[in-house]
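[1] just coords:
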């Protein structure tokens, strides 16, 4: 078992990179046969991936937040006699902050960084406001932290896939994610400014590889391709034209593209705990299965 480390990244926000990373992970860890062991790493300071996984599996980052969640649910009328109370929410003390802060002083304990959800899914939870918490850290502690932690605990031997959810900005966290990665995927919504976001990302990837050659000596950082997201089954002509323009653009002629799109599902943006694998949407399940199969074939 040698894990493939894959970053889901775009310099533009709101492109479903967090959703795609989560849904890929849940598909591999929840499917009926040939399950894969997946580690999610939330590097985005907004920690949306962490909030969603915690919501799905009943975790909170502190007892205070667990109590507040229950109070909020009660106020919104979302609880009943059968509903779990806040004390049933499990508190996770694991955080990516421990990797960055501990990288200076020495080895980082596994349990302080990784939360095991079940036998097939684990997560290194994000930390809200991590930029503020790490304002006094040397940038190298952040840029090399994830790579060093994976190496220290031989995580590639423990998992089949390691998926990293990246921030939509260029920072030390972005560099740290790419340095630790073998591959990256570019989720894209077909919008007027999509081309600018892709162009900027490709420049960032090129710069990271040039400035960190030692980490890519054995293999480069492979672009698995652009995935168009939130696409309706029968998209408007304007959307079809935008997708075609990006695919045919001279700038992206050599950039791989997924043949399959990630289809629009309105529930994904409405409910943190909603996910395709545990839903009743056959259309979304079939779409995700086809997309994951294409992902595996690219590897």
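    Cool, the structure landed. This is a predicted model, so every value here is computed, not measured.
[2] Check which helices and strands the helix or strand harbouring residue 122 sits against.
    Assigned by DSSP states H and E, residue 122 belongs to strand 121-124. Applying 3 or more C-beta pairs under 8 Å, 6 or more residues apart in numbering; DSSP states H and E, one finds that strand 121-124 makes contact with helix 17-30, strand 38-42, helix 48-57, strand 115-116. Placement of C-beta: from N, CA and C, glycine included.
[3] can the ones you listed go into TSV with extra columns for mean pLDDT, mean neighbour count and distance to residue 278?
    As requested, the helices and strands packed on strand 121-124 are exported to TSV (pLDDT from 0 to 100; neighbours: other C-beta atoms under 10 Å; distance: least, C-beta to C-beta, whole Å):
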stretch	mean pLDDT	mean neighbour count	distance to residue 278
helix 17-30	97	23	7
strand 38-42	98	27	15
helix 48-57	96	22	7
strand 115-116	98	18	19
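[4] So residue 240, which state does it fall into?
    Classification of residue 240 using DSSP: H, G, I helix; E, B strand; the rest coil returns helix.
[5] ok so, going back, which stretch among the helices and strands packed on strand 121-124 approaches residue 269 most closely?
    The minimum distance between residue 269 and these falls on helix 17-30, with 8.2 Å, by C-beta to C-beta.
[6] now the closest one against helix 48-57, angle please.
    Put simply, helix 17-30 runs at 40 degrees to helix 48-57, going by axes from the mean of the first three to the mean of the last three C-alpha atoms, to 10 degrees.
[7] quick revisit: of the helices and strands packed on strand 121-124, which approaches residue 67 most closely?
    helix 48-57 (14.5 Å).
[8] The closest one - contacts with which helices or strands?
    Partner elements for helix 48-57 (3+ C-beta pairs under 8 Å, 6+ apart): helix 17-30, strand 38-42, strand 121-124.
[9] ok, residue 139 - contacts?
    Shown in contact with residue 139 (C-beta atoms under 8 Å, 6 or more residues apart in numbering): residue 172.
[10] next one: phi and psi at it?
    Here the main-chain torsion angles of residue 139 (degrees, to the nearest 10) amount to phi -60, psi -30.
[11] Show the pLDDT at it.
    Looking at residue 139, its pLDDT reads 83.
[12] what about it, distance to residue 47?
    Distance from residue 139 to residue 47, counting by C-beta to C-beta, to the nearest Å: 21 Å.
[13] and what of residue 57?
    In terms of C-beta to C-beta, residue 57 sits 15 Å off from residue 47.
[14] Chain neighbours aside, what residue packs nearest to residue 13?
    Spatially, and ignoring its direct neighbours in sequence, residue 13 is nearest to residue 168 (3.9 Å; C-beta to C-beta, 6 or more residues apart in numbering).
[15] Which of the three states applies to the one you found?
    Assignment for residue 168 (three-state DSSP): coil.
[16] which ones are touching it?
    Listed by C-beta under 8 Å, 6+ apart, the contact partners of residue 168 are 10, 11, 12, 13, 14, 15, 17, 44.
[17] Throw together a ChimeraX command that grabs the buried residues out of these.
    Burial among the contacts of residue 168 is assessed by 16 or more other C-beta atoms under 10 Å; the matching ChimeraX selection reads:
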select :10,11,12,15,17,44
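[18] how about the contacts of residue 168 in TSV, adding secondary structure and distance to residue 127?
    Below are these laid out as TSV (DSSP: H, G, I helix; E, B strand; the rest coil; distance: C-beta to C-beta, whole Å):
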residue	secondary structure	distance to residue 127
10	coil	21
11	coil	22
12	coil	23
13	coil	19
14	coil	22
15	coil	22
17	helix	18
44	coil	10
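[19] Out of the contacts of residue 168, the closest to residue 296 would be?
    Closest approach between the contacts of residue 168 and residue 296, by C-beta to C-beta: residue 17, at 19.0 Å.
[20] Please look at that closest one and residue 166 and confirm they touch.
    Yes: here residue 17 lies in contact with residue 166, judged by C-beta atoms under 8 Å, at a distance of 7.0 Å.
[21] Show me the common contact partners of these two, please.
    Common neighbours of residue 17 and residue 166 (C-beta under 8 Å, 6+ apart) are 8, 9.
[22] Can you check the pLDDT for residue 135?
    On pLDDT, residue 135 comes in at 57.
[23] likewise residue 1?
    Reported pLDDT for residue 1: 68.
[24] returning to that earlier point: between the helices and strands packed on helix 48-57, which one is nearest to residue 190?
    By C-beta to C-beta (comparing all of the helices and strands packed on helix 48-57), the closest turns out to be helix 17-30, at 14.8 Å.
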